[in-house]
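Undergrad: Kindly generate the corresponding structure for this input.
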Amino acid sequence: MKKIRLLILALAVALMVAGAGVAVKAEAPAKPQTVCPVLGGEINKEYFTDYKGNRIYFCCPACEDTFKKDAEKFLKKMKDEGVTLEKTPAGEKKK
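TA: Have a look, this model is predicted:
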């Protein structure tokens, strides 16, 4: 009987530890975009495009054209790096 109690206790502890790991992962903080997805330089918020409801910043104007040629590739790269993109501000137009 004592072995069964120990086994149940061990299982309960294992489930609590596994559950805590999941909770920590789900609460990871958002990582804002700080790097140009094309050249990898520091972004300049004057250079951006709005794509699928998100605002993507670049280091220079030339990177916007390169981004538009294969936007999904660059979006995947940013997602894989854990970058959380800003949403396109409602009613705002590009300058």
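Undergrad: Determine the longest strand present in the chain.
TA: Using DSSP state E to define each element, the chain has its longest strand at strand 44-51.
Undergrad: What's the first helix or strand after it?
TA: Once the chain leaves strand 44-51, the next helix or strand it forms, by DSSP states H and E, is strand 54-58.
Undergrad: Check which helices and strands that next one sits against.
TA: Contact analysis of strand 54-58 by 3 or more CB pairs under 8 Å, 6 or more residues apart in numbering; DSSP states H and E lists strand 44-51, helix 61-69, helix 71-80, strand 86-87 as its packing neighbours. C-beta coordinates here come from the backbone N, C-alpha and C atoms, glycine included.
Undergrad: now it, how far from the chain's geometric center?
TA: Distance of strand 54-58 from the chain centroid (CA atoms, centre = their mean, to the nearest Å) equals 13 Å.
Undergrad: Use 58 as the first number from now on
TA: Taking 58 as the first residue, the last one we looked at is strand 111-115.
Undergrad: pLDDT averaged over it - what is it?
TA: The pLDDT scores in strand 111-115 average 97.
Undergrad: Report the buried residues of that strand.
TA: Residues 111-115 are the ones in strand 111-115 that count as buried (16 or more other CB atoms under 10 Å).
Undergrad: Go ahead and name everything in contact with it.
TA: Contacts to strand 111-115, defined as CB atoms under 8 Å, 6 or more residues apart in numbering, come from residues 90, 93-95, 100-102, 104-107, 121, 124, 131-132, 135, 142-146.
Undergrad: before we move on, the earlier item: is it possible to export the buried residues of strand 111-115 to CSV including distance to P86?
TA: CSV is the format used below for these (distance: CB to CB, whole Å):
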residue, distance to P86
N111, 18
R112, 19
I113, 20
Y114, 19
F115, 24
